[in-house]
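Asker: Turn this into a model:
(chains A and B)
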Amino acid sequence: MSDLEQFRQDTRTWLESNCPESMRVPVKGFEDLYNGGRNPEIAHPDQKLWCDRMAERGWTVPHWPKAYGGGGLDAAEVKILSEEMARIGARRALDSFGISMLGPALLHFGSEEQKLEHLPKIARGEIRWCQGYSEPNAGSDLASLATKAEDKGDHYVINGQKIWTSYADKADWIFCLVRTDNSGSKHEGISFVLFDMDQPGVTVRPIKLISGSSPFCETFFDDAIADKRNLVGEAGNGWTIAKYLLTHEREMISGFGAAPKKSVGQVAVDTIGTDASGRLASPVLRQAIAQYQLDTLVFGATMARVGDEAKAGQGLGAASSIFKYYGTELNKRRNELNLAVCGEQALGWEGEVYHDGMLSRDWLRSKGNSIEGGTTEVQLNIIAKRVLGLPDA
Amino acid sequence: MALVLNEEQVMLKESAAGFLAEKASVAQLRALRDSDSERGFSDDVWREMAEMGWAGIAIAEAFGGLGYGYTGLGLVLEQAGRNLSASPLQSTVLVAATVIGELGSEQQKEQWLAAIASGEKLVSLALQEGAHHDPLHTALGAQAQGNEYILNGAKVLVLDAVSADAFIVIARTAAQPGDEQGLSAFLVDAATAGVTVERRKLVDSRSVGALSLDNVRVAADSLLGEPGAAWGGLKRALDIANIGLAAELLGLSTEAFERTVAYLKERKQFGRVIGSFQGLQHRAAELFAELELSRSIVLQALHAIDAGEEDLSLPASAAKAKLCEVAQRVTNEAIQMHGGIGMTDEHEIGFFIKRARVVQHLFGDYNYHLDRFAQLNHF
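Answerer: Numbering: from 1, shown residues only, chains lettered A, B, ... in the order given. Predicted coordinates for the structure are as follows:
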């Protein structure tokens, strides 16, 4: 038996005896995901047990090095682990910004001391992180951020405000972009610091959206303290790390453009019916749905092509620049079509309504997809300037 | 099949790009138009293309072709689209050879595919009868009489009609217009008594013709396949043809777009290049995105042919519908962004919008293929 086959068999045996039955049912929504932290939100008592068991083997972050709390698995082993988890329907044991966002940045830019300090706590789900990027006056123009960090020798004193800070009300620590220097261009003088949210200088206020409650918050810093040991990279070099993470974030958001399980056309046939020729009985809507499904198909083909090009060693081609823009616009189109297809049944908000009011909430929430993580307009600017080489105004 | 080109395909693409830019460019198309060329393409250039093997690029080696598959042919068609190269690549290589390959007997394939691959014979499909592509409503009649069939009717939009040595005439030997049953394909020599070809000048300056068949007598062995059973093979051949045309539209649209972006960087108004205006930048960036999407679906559809996928309807209608939409948008924007100069005959950008609309129409336009795409998705 090859090493990989042995690994598969061992993994299967271990999962069978360690994954609680309750963690083998599909998650129903975001609230079912386990995010860990000092005061974790528990939707089911087995969540923490499952996370602890997986973390002990480093399998909450199987691809990270063992020294930082990871599993030290290579790509083939990671694939086997996820296949074996999928086989029994095992949930991911831990979901967090620490894993998806800060971890990759620290692995790439952090010092050895920082990695040893922070990564194992992320891997074990002990500390929950949030991201402090946008400010009221620095949205699309993120680099003009003004939150100020004053150098006090061994620490920084931070004053300013962040907005759209996802889960700031639930997070323990923040990775935050601050301005340490005002003398150069706006891209210079930005630094990437980490600090504890549990201190008198930090205040958090949740934001309610047009779609209802949301994970977003406003976060205020009033003489908040960040230890200098937690400055990642050089002072003034934070923009490089921010860009790295933004690319990462855009790739995640563009995944929203993937085709839904039941096609919009199918839902429409079930709701509206067909004419004698088998065509959807509403011809105008039919055309809009067909165009949407066609664009979803070609978008999927483009994701596949870019993946194949990368595998063939051709690097990430220019096509990847369209993902964030196109994927989020597709998601908005899908949500508009859901409304058009389901009519009155899509308009419910709460109480005794169809779809538990989720169609209207998802539809409203999708409007934010083309704003967060770089607006559609910013993405088009980037394509125009960096890909097409069109000059600045 | 990974959605990337292999080494052989990259070389083919580059050599096609070089050859066509030199020998069959937009300037050459203009010269053919201005000299009122009867055939609409240069015999010398076509001979060179055939010598390079392009006439048999997708034809199996057993029948004298190169056996590069349709991905190879698609790459050449894409470059032909970029240069608006006039040649029988579409009529004979993409369409007729494919119909013969799908429907012909071994003996017919040996005879005709070899003659096409060597560049010796030109063959063209005579299918459309009305204003729109509607193959099932073929009405041209073929009546069996002894060991012969007698054909009566008319066809339009026959590519390279005045140059063709033979036509594949789609006729009805049974049943009613609208039925899949009863369609037959006949190989008819262009010199057969009763066949009249009239040249029609279309907007793209290429040569097409109208065909009339007046008591045309053909032997029963000129049938491609069984009588009345042509639809299956014809449908597949049309799917392949549409994927090839989508590749041509991809090349055409990409070239029109790149020329337009170059113009945006050069044309000055209000004291600055117009490409610095965000109103134009965003439109250009959107077109770029559409072209990247187009490239993916064309490559995926070409691979589907070469992978031998049983039903090509979905990739064909997806690729053709998407490329019709994108070609229309790109060529319209190309004219608008060029401004007044884009309206002049002297400038080459106008040739792109003209060719685009003809290719869009051939074998089903956006409306036809988006409707078919929806039907194939059961709604």
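
Asker: For the residue lying closest to residue A:176 once chain neighbours are set aside, what are phi and psi?
Answerer: Spatial nearest neighbour of residue A:176, excluding adjacent residues (Cβ to Cβ, 6 or more residues apart in numbering or on different chains): residue A:132 at 3.5 Å. The C-beta positions use only the backbone N, C-alpha and C, and glycine is treated the same way. Note on residue A:132: backbone dihedrals following degrees, to the nearest 10 are phi -100, psi 90.

Asker: Contacts for the worst-scoring helix or strand of chain A on mean pLDDT, please.
Answerer: Ranked by mean pLDDT, DSSP states H and E, the weakest helix or strand in chain A is helix A:238-254, scoring a mean of 81. Contact partners of helix A:238-254, identified using Cβ atoms under 8 Å, 6 or more residues apart in numbering or on different chains, comprise A:100-101, A:104-105, A:108-109, A:131, A:133, A:142-143, A:177-178, A:187-188, A:190-193, A:232-233, A:323-324, A:326-328, A:369, A:372-374.

Asker: can you check stretch B:74-81 too?
Answerer: Contacts with stretch B:74-81, where a contact means Cβ under 8 Å, 6+ apart, come from B:5, B:9, B:12-13, B:16-17, B:20, B:24, B:54, B:57, B:85, B:87, B:89-90, B:94, B:243-245, B:247-255, B:298-299, B:302, B:355, B:359.

Asker: ok, and which of those reach chain A?
Answerer: Taking Cβ under 8 Å from any Cβ of the partner chain as the test, chain A is in contact with residue B:299 out of the contacts of stretch B:74-81.

Asker: rewinding a little: so which of the contacts of helix A:238-254 reach chain B?
Answerer: Restricting the contacts of helix A:238-254 to those near chain B - Cβ under 8 Å from any Cβ - leaves residue A:326.

Asker: Just the ones of the contacts of helix A:238-254 in helices?
Answerer: Among the contacts of helix A:238-254, the ones falling in helices (DSSP state H) are A:104-105, A:108-109, A:323-324, A:326-328.

Asker: is it possible to export those to CSV including pLDDT?
Answerer: Below are these laid out as CSV (pLDDT from 0 to 100):
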residue, pLDDT
A:104, 92
A:105, 94
A:108, 93
A:109, 95
A:323, 92
A:324, 92
A:326, 96
A:327, 94
A:328, 94
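
Asker: Give me the secondary structure label for residue B:125.
Answerer: Recorded secondary structure, residue B:125: strand (DSSP: H, G, I helix; E, B strand; the rest coil).

Asker: Count the neighbours of residue 12 for me.
Answerer: As the question left the chain open, I've gone with chain A. Residue A:12 is flanked by 16 other residues according to other Cβ atoms under 10 Å in any protein chain shown.

Asker: To clarify, I was referring to chain B.
Answerer: Neighbours of residue B:12 (other Cβ under 10 Å): 24.

Asker: Doesn't it lie inside a helix?
Answerer: Yes. Counting by three-state DSSP, residue B:12 is part of a helix.

Asker: ok so, going back, among the ones in helices among the contacts of helix A:238-254, which ones are buried?
Answerer: Using 16 or more other Cβ atoms under 10 Å in any protein chain shown as the burial test, those include A:105, A:109, A:323-324, A:326-328 as buried.

Asker: and the two most separated of the residues you listed?
Answerer: Greatest spacing in these, by Cβ to Cβ: A:109 and A:326 (29.3 Å).

Asker: Get me the contact residues on chain B for chain A.
Answerer: Applying Cβ under 8 Å from any Cβ, we find that chain B lies next to chain A at B:2-4, B:261, B:264-265, B:272-273, B:275-278, B:280-282, B:284-286, B:288-289, B:292-297, B:299-300, B:318, B:321-322, B:325, B:370-371, B:373-375, B:377-379.

Asker: For the buried ones among the residues you listed, write the corresponding PyMOL selection.
Answerer: Of these, the buried ones can be selected in PyMOL as follows, counting by 16+ other Cβ under 10 Å:
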select buried, chain B and resi 3+4+261+264+273+275+276+277+280+281+282+284+285+286+288+289+292+293+294+295+296+297+299+300+318+321+322+325+370+371+373+374+375+377+379
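
Asker: care to break chain B down by domain?
Answerer: Following automatic domain parsing, one gets these domains for chain B: B:7-120, B:124-229, B:232-376.

Asker: Let me have the ones you listed in a markdown table, adding distance to residue A:338 and mean pLDDT as columns.
Answerer: Listed next are the domains of chain B as a markdown table, based on distance: least, Cβ to Cβ, whole Å; pLDDT from 0 to 100:
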| stretch | distance to residue A:338 | mean pLDDT |
| --- | --- | --- |
| domain B:7-120 | 36 | 97 |
| domain B:124-229 | 33 | 97 |
| domain B:232-376 | 17 | 97 |
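
Asker: for the ones you listed, which one sits closest to residue A:342?
Answerer: If you check each of the domains of chain B against residue A:342 by Cβ to Cβ, domain B:232-376 wins as the nearest, at 18.7 Å.

Asker: what about that closest one, how long is it end to end?
Answerer: 16 Å (Cα to Cα, to the nearest Å).

Asker: what separates it from the chain centre, distance-wise?
Answerer: Relative to its chain's centre, domain B:232-376 lies at 14 Å (Cα atoms, centre = their mean, to the nearest Å).

Asker: Got phi/psi on residue B:86?
Answerer: For residue B:86, the backbone dihedrals (degrees, to the nearest 10) come out as phi -90, psi 130.

Asker: tally of neighbours for it?
Answerer: Quick note: residue B:86 (other Cβ under 10 Å) scores 26 neighbours.

Asker: That one contacts residue B:28, correct?
Answerer: Yes. At 7.4 Å, residue B:86 and residue B:28 qualify as touching, with contact defined as Cβ atoms under 8 Å.

Asker: could you pull out the strands for the stretch 151-300 of chain A?
Answerer: Ranges of strands in the stretch 151-300 of chain A, per DSSP state E, counting those that start in this stretch, are A:155-163, A:173-179, A:190-196, A:202-209, A:212-227, A:231-232.

Asker: Same list (those strands) but as TSV, adding mean neighbour count, mean pLDDT and distance to residue A:88.
Answerer: Formatted as TSV, those follow (neighbours: other Cβ atoms under 10 Å in any protein chain shown; pLDDT from 0 to 100; distance: least, Cβ to Cβ, whole Å):
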stretch	mean neighbour count	mean pLDDT	distance to residue A:88
strand A:155-163	20	97	40
strand A:173-179	25	97	33
strand A:190-196	23	97	36
strand A:202-209	15	95	36
strand A:212-227	18	94	30
strand A:231-232	22	97	38
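
Asker: Name the pair among the ones in helices among the contacts of helix A:238-254 with the greatest separation in space.
Answerer: The distance between the two most remote of those (Cβ to Cβ) is 29.3 Å, for A:109 and A:326.

Asker: Show me the contact partners of stretch B:307-322.
Answerer: Against stretch B:307-322 from outside (Cβ under 8 Å, 6+ apart): A:294-295, A:297-298, B:1, B:235-236, B:238-240, B:242-243, B:245-246, B:293-294, B:297-298, B:300-301, B:304-305, B:363-364, B:366, B:369-370, B:372-373, B:376.

Asker: which residues does the residue in the stretch 101-250 of chain A that chain B sits nearest to contact?
Answerer: As assessed by Cβ to the nearest Cβ, chain B sits closest to residue A:140 within the stretch 101-250 of chain A, at 12.7 Å. With contact set as Cβ under 8 Å, 6+ apart, residue A:140 has these partners: A:374-375, A:377-378.

Asker: So which residues on the stretch 151-300 of chain A come close to chain B?
Answerer: When proximity is defined by Cβ under 8 Å from any Cβ, the stretch 151-300 of chain A lies next to chain B at A:263, A:265-266, A:268-269, A:274, A:278-280, A:286-287, A:289-291, A:293-295, A:297-299.

Asker: What subset of the residues you listed is buried?
Answerer: A:263, A:265-266, A:268-269, A:279-280, A:286, A:289-291, A:293-295, A:297-299.
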